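sharing a sequence plus its predicted fold:
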Amino acid sequence: MEQKRKFDRRNKGGRPKKGAADKLKYRLTVKMATSDYYTLKGKARSAGISAGEFLRGCMRDGQVKERLMPEHTGYIRQLCGMANNLNQLAHKANAAGFAAVRMECRVLVARIEEVLNLILL
């Protein structure tokens, strides 16, 4: 009886079983255009890996930027208006001299800094 137990405990060989975190048990279907599909296949082939492995690597290492929030689009619109004002001040400074528009420029620069701080925070 003891010999049978020793036989059961012995390593039978082969690859060790994968853990739950290592198993690929979820399947995901993705629709893509023909050009996107061939781009994916070409990049995976040049990397020497399968398309699935390429996508898993992109998911782990890639970055997706957040969309702009509605308040940020308003700030960007304000910056565009301020850029237009700055161009007008530069035109005035070239025509009449910088001393005439110095205070307007300082006020505009302070407003631009305020808007940039709102966007970055």
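Okay, I see it.

okay, now the unreliable bits of the chain?
Residues of the chain meeting the criterion pLDDT under 70: 1-11, 64.

now the helices for it?
In the chain, the helices defined using DSSP state H lie at 2-9, 34-47, 51-61, 70-96, 98-120.

adding distance to Ala21, write the ones you listed out as a markdown table.
Heads up, the C-betas are built off the backbone N, CA and C, glycines and all. Written out in a markdown table, the entries for those read as follows (distance: least, CB to CB, whole Å):
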| stretch | distance to Ala21 |
| --- | --- |
| helix 2-9 | 27 |
| helix 34-47 | 23 |
| helix 51-61 | 13 |
| helix 70-96 | 37 |
| helix 98-120 | 37 |
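
the ones you listed: which one's closest to Lys18?
Closest to Lys18 of the helices of the chain is helix 51-61 (CB to CB; 15.3 Å).

now for that closest one, which elements pack on it?
The helices and strands touching helix 51-61, judged by 3 or more CB pairs under 8 Å, 6 or more residues apart in numbering; DSSP states H and E, are helix 34-47.
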